[in-house]
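Undergrad: I would like to see how this sequence folds:
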Amino acid sequence: MMNKRDISKELREKMDQFNVDVPEISLKQSLSQRMVNWLSEPVKSPADFLFRQWTPLKIALFPIAAFVCSIPFAFI
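TA: Purely as a prediction, here's the structure:
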């Protein structure tokens, strides 16, 4: 990054000739705009997540986890 001292006098004079108006941009979106963005974004396929994340350890632990989670239903 250049400092003002690093710019030559000739270049600084040429740059001072230009006047740039920068419009103010709101960085915070309105609630309606955020909802529209949320509703219109592409949906990820849950099947991709399931098949990509299966490892042999998870496949082996799945029946055990299913059994442990079903124990409370045996007492109903």
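Undergrad: This protein: strands as residue ranges?
TA: Secondary structure of the chain (DSSP state E): no strands present.
Undergrad: the bottom helix or strand of it by mean pLDDT?
TA: Lowest on mean pLDDT, DSSP states H and E among the helices and strands of the chain sits helix 46-53, with a mean of 66.
Undergrad: any idea which helix is longest in the protein?
TA: Using DSSP state H, we find that the single longest helix of the chain is helix 56-74.
Undergrad: May I have that helix exported as CSV, CA atoms only?
TA: Output of helix 56-74 as CSV, limited to C-alpha atoms (Å, rounded to 0.1, in the frame of the first residue of the first chain):
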residue,chain,number,x,y,z
PRO,A,56,-17.2,-48.2,8.1
LEU,A,57,-17.2,-47.1,11.7
LYS,A,58,-20.5,-45.2,11.4
ILE,A,59,-22.0,-48.2,9.6
ALA,A,60,-20.9,-50.5,12.5
LEU,A,61,-22.2,-48.1,15.2
PHE,A,62,-25.5,-47.4,13.5
PRO,A,63,-27.3,-50.6,14.8
ILE,A,64,-26.0,-49.9,18.3
ALA,A,65,-27.1,-46.3,18.3
ALA,A,66,-30.6,-47.4,17.0
PHE,A,67,-30.9,-49.9,19.7
VAL,A,68,-29.9,-47.5,22.5
CYS,A,69,-32.3,-44.9,21.2
SER,A,70,-35.2,-47.4,21.1
ILE,A,71,-34.7,-48.6,24.7
PRO,A,72,-37.0,-45.8,26.2
PHE,A,73,-39.9,-47.0,23.9
ALA,A,74,-39.7,-50.5,25.5
